[in-house]
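**Student:** build me a structure from this.
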Amino acid sequence: MDGPEGVRGKEEAAPGREAGDAEEAGDGFQLVTHGKKKKRASGQEGGGAGSGAVLGAGSVGALTKDKGAAPGTKPKVPFHDPSIPRPQDVYKIRVDNYKPFEHVWLERSEDGTRPVHPLEKLPVEHFVDRNVPECEPVKPADIEDTPFTLVEDHKGLMELAKKLKSVTEFAVDLEHNQYRSFQGLTCLMQISTRREDFIVDTLKLRIYIGLYLQEPFKDPTKRKVMHGVDRDIMWLQRDFHIYVCNLFDTGQASRVLQMERNSLEHLLLHFCGVTAKKEYQNADWRSRPLPEEMIKYAREDTHYLLYIYDLMKQRLQRESTPENDLLLEVHKRSNEICLQFYEKELLTDTSYLHIYGLQEHELNAKQLAVVAALHGWRDRIARQEDESTGYVLPNKALIEIAKQMPTDNGHLKRIVKSKYPFVESSLDEIIYTIWNALEYSYAFEGIAEQLKKERLEQLALKSVPASDETTILDAESDRSNIDPACQSSVAPSSTANVNVASDGGAGFMNETALISSIHLEDNTQTISSTKIFETLPGLTRPINKDALSNNRYQQELWEIQHLEDRQRILEGFQRRSFRVGAMWTTLDLLCFLTSSSLVG
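**Tutor:** Sure, this is the predicted structure:
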């Protein structure tokens with residue numbers, strides 16, 4: 001599970017991460033290392049799906065045992081295991097990262113302009129079950145005493161679909177991984193009924209999942225209980241064309257009940273007395289075969305979920321009033337999440353501004369221009385090769401290159417100390433990209449200035465006393481804390497990848513789209529960042545600037561475009577500043593009036 005608040009821990013930072021344990025892999029992802037580099041076990045890379053290929057068989061030992069760990073300490077679990085071959089290669093998974101996503105299994109609106117979610121035709125009251133027994137719900141048997149099936153073949157999937165037809169409710173969770181793929185891959189699906197647990201290998205069975213499981217997920221008579229599903233809903237649509245009706249999100253229920261914490265880990269402990277093993281929250285779920293410890297951890301996510309649902313439903317009914325129907329509110333929120341439609345992320349002319357960690361560096365216009373150009377180059381390579389952007393060029397390395405602006409291959413190699421295959425094979429192209437960007441750096445002067453103002457504003461807010469800061473945060477819209485390790489895992493190159501199906505409801509925007517401190521409204525037009533630069537062999541000196549210049553019309557277009565961006569940034573700055581209210585000082589007011597007059 002990987003909900004809107006971040007990776008599995010929901011509103012908590014990634015657990016088990018100590019200083020020196022993790023190396024940033026880019027886009028916020030963490031590559032957990034184990035001291036000395038271990039040799040890859042033989043026999044890990046070959047084979048196709050039909051030959052029973054094993055993903056990362058040699059990495060199982062690393063998941064269960066860390067020889068370098070001190071006695072009595074818990075083993076470290078690889079978040080991104082470099083020894084695991086790409087599932088796309090092993091299971092022949094082909095993904096088009098350019099073509100817009102099509103919701104092919106849905107009806108279209110009467111005018112044919114949009115898909116119609118099956119949930120649109122059903123009123124939310126239709127799903128509210130008022131039949132809540134007064135007796136205490138029965139806690140499920142221990143995991144060790146519950147039948148379990150690992151679904152890895154076509155026959156097993158057919159049997160699971162048949163069993164889901166006979167039940168009226170089931171719990172669901174997903175395990176996802178974004179490393180070494182552009183959009184990410186759903187690696188596992190956990191399903192629990194009142195009597196059995198199932199884990200579906202969604203890598204091996206990817207092309208069959210939707211065919212057999214679409215109906216039970218869409219069936220409005222069957223309740224689906226899930227936790228923190230904002231991203232899970234997107235993954236079900238993207239990978240399997242599955243659309244969910246009749247959802248009860250225990251994460252939303254915990255918020256409506258104003259519980260102390262909203263993570264699944266907390267609910268398991270609070271309602272079931274089960275302590276989840278934190279070290280597996282960020283495990284690499286691409287690993288095959290799965291160690292027993294990971295299987296048990298995955299089962300816990302759904303094994304107790306129907307029981308938690310029973311307890312929460314009782315409490316929601318008990319604490320409701322005629323004016324405030326809490327159970328109905330949970331269903332409304334759950335419905336709004338389901339009504340979202342997945343869309344592939346777009347590369348826009350402001351996507352680079354959402355690189356995690358960018359604002360920690362005070363970059364001038366030239367450096368910012370290089371950031372934008374390298375971001376576009378990285379996006380193109382990642383889409384073409386179906387790689388994660390952090391694998392192509394990590395954020396940290398990208399920003400460092402932009403800060404130093406190397407002019408030859410040797411300088412670039414010294415900056416990029418780690419070996420990144422796509423960088424190593426594209427040194428000339430990267431140098432060309434940098435020089436090309438410097439030609440248009442004047443267009444980034446306004447943006448650089450606004451970023452500087454933004455940093456000063458944030459510093460001013462940090463200096464506010466704790467009590468006043470709390471007031472400011474309370475006035476903001478309800479945002480869950482997002483683990484930095486996951487802030488850009490859904491949409492590293494865009495500010496939004498979600499549309500809401502219902503015209504009447506506002507829906508839940510992806511929280512990653514809202515967290516950017518620069519409140520820019522990205523236009524939906526994709527810029528031409530996919531143009532391919534010619535590789536210049538042996539490029540070791542500056543290129544003739546005349547050869548890099550575009551015509552005056554393009555330059556004027558850039559100027560107009562970025563003037564509009566400056567205006568939007570300033571408007572966002574003004575809106576947030578006004579919320580500070582009584583905390584304004586005379587100096588603040590003068591600065592604001594001065595900046596407004598300059599733009600006006």
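
**Student:** quick one: pLDDT of the nearest residue in space to residue 100 that is not next to it in sequence?
**Tutor:** For residue 100, ignoring the flanking residues on the chain, the nearest one in space by Cβ to Cβ, 6 or more residues apart in numbering is residue 344 at 6.2 Å. (C-beta placed from N, C-alpha, C; glycine too.) For residue 344, the model assigns a pLDDT of 92.

**Student:** just say helix, strand or coil for residue 344.
**Tutor:** When classified by DSSP: H, G, I helix; E, B strand; the rest coil, residue 344 comes out as coil.

**Student:** pLDDT wise, what is residue 25 at?
**Tutor:** Here, the pLDDT recorded for residue 25 equals 38.

**Student:** could you do residue 130 as well?
**Tutor:** According to the prediction, residue 130 has pLDDT 82.

**Student:** and the residue nearest to residue 100, how many neighbours?
**Tutor:** Neighbour count for residue 344, taken as other Cβ atoms under 10 Å: 17.

**Student:** hmm, residue 103 and it touching each other?
**Tutor:** No. Contact between residue 344 and residue 103 fails when scored by Cβ atoms under 8 Å: they sit 12.0 Å apart.

**Student:** can you give me the end-to-end distance of stretch 279-293?
**Tutor:** 10 Å (Cα to Cα, to the nearest Å).

**Student:** for the residue nearest to residue 100, what are its contacts?
**Tutor:** Counting by Cβ atoms under 8 Å, 6 or more residues apart in numbering, residue 344 makes contact with 97, 99, 100, 101, 183, 497.

**Student:** could you identify the most distant pair in those residues?
**Tutor:** 99 and 497 (14.6 Å; Cβ to Cβ).

**Student:** what segments of the stretch 301-450 of the chain are strands?
**Tutor:** For the stretch 301-450 of the chain, the strands defined by DSSP state E, counting those that start in this stretch cover 340-342.

**Student:** let me have the contacts of residue 344 in JSON lines, extended by distance to residue 316 and secondary structure.
**Tutor:** Shown next, in JSON lines, are the contacts of residue 344 (distance: Cβ to Cβ, whole Å; DSSP: H, G, I helix; E, B strand; the rest coil):
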{"residue": "97", "distance to residue 316": "41", "secondary structure": "coil"}
{"residue": "99", "distance to residue 316": "43", "secondary structure": "coil"}
{"residue": "100", "distance to residue 316": "39", "secondary structure": "coil"}
{"residue": "101", "distance to residue 316": "35", "secondary structure": "coil"}
{"residue": "183", "distance to residue 316": "36", "secondary structure": "coil"}
{"residue": "497", "distance to residue 316": "31", "secondary structure": "coil"}
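
**Student:** between those, which sits nearest residue 225?
**Tutor:** When these are ranked by distance to residue 225 (Cβ to Cβ), residue 497 comes first, at 25.4 Å.

**Student:** where in the protein is the helix or strand with the lowest mean pLDDT?
**Tutor:** Every helix and strand in the chain was compared by mean pLDDT, DSSP states H and E; the lowest is strand 29-32, with a mean of 34.

**Student:** give the helix, strand or coil label for residue 179.
**Tutor:** Applying three-state DSSP to residue 179 yields a three-state assignment of coil.

**Student:** do the same with the one 10 residues further on
**Tutor:** On the three-state scheme (three-state DSSP), residue 189 is labelled strand.

**Student:** again, but for the one 10 residues further on
**Tutor:** Look at residue 199: counting by three-state DSSP, its state is strand.

**Student:** beta partners of it?
**Tutor:** Beta bridges link residue 199 to residue 150, residue 190, judged by DSSP bridges.

**Student:** ok, now how distant is it from residue 167?
**Tutor:** Distance, residue 199 to residue 167, by Cβ to Cβ, to the nearest Å: 17 Å.

**Student:** repeat for residue 374
**Tutor:** 51 Å.

**Student:** domains of the chain?
**Tutor:** Domain ranges of the chain: 1-98+139-338, 351-599, per automatic domain parsing.

**Student:** these: lowest mean pLDDT?
**Tutor:** domain 351-599 has the lowest average pLDDT among these, namely a mean of 65.

**Student:** what number of residues lie near residue 206?
**Tutor:** Neighbours of residue 206 using other Cβ under 10 Å come to 18.

**Student:** cool, residue 403 as well?
**Tutor:** For residue 403, the count of nearby residues is 15 (other Cβ under 10 Å).

**Student:** so what's the nearest residue to it once chain neighbours are set aside up against?
**Tutor:** Of all residues not flanking residue 403 in the chain, residue 367 sits nearest, at 5.7 Å (Cβ to Cβ, 6+ apart). By Cβ under 8 Å, 6+ apart, the contact list for residue 367 reads 402, 403, 405, 448.

**Student:** and residue 173, that one's in a strand?
**Tutor:** Yes. Residue 173 forms part of a strand when assessed by three-state DSSP.

**Student:** and it, how close does it get to residue 157?
**Tutor:** Distance, residue 173 to residue 157, by Cβ to Cβ: 17 Å.

**Student:** one step back: between residue 99 and residue 497, who's got more neighbours?
**Tutor:** Between residue 99 and residue 497, counted using other Cβ under 10 Å, the more crowded position is residue 497 (23 against 8).

**Student:** tell me who's in contact with the closest residue to residue 406 other than its chain neighbours.
**Tutor:** Distance criterion Cβ to Cβ, 6+ apart; nearest residue to residue 406, sequence neighbours excluded, is residue 412 at 4.3 Å. Residue 412 sits next to 401, 406, 427, 430, 431 when contact means Cβ under 8 Å, 6+ apart.

**Student:** can you tell me which two in these are farthest apart?
**Tutor:** Using Cβ to Cβ, the pair of those lying farthest apart is 401 and 427, separated by 11.2 Å.

**Student:** which one's more surrounded, those two?
**Tutor:** residue 401 (23 against 18).

**Student:** measure how buried the nearest residue to that one once chain neighbours are set aside is and give me the count.
**Tutor:** Using Cβ to Cβ, 6+ apart and skipping residues adjacent in sequence, the residue nearest residue 401 is residue 415, 5.5 Å away. Per other Cβ under 10 Å, the neighbour tally for residue 415 reads 15.

**Student:** surely residue 415 and residue 402 touch.
**Tutor:** No. Residue 415 is beyond contact range of residue 402, at 9.9 Å (criterion: Cβ under 8 Å).
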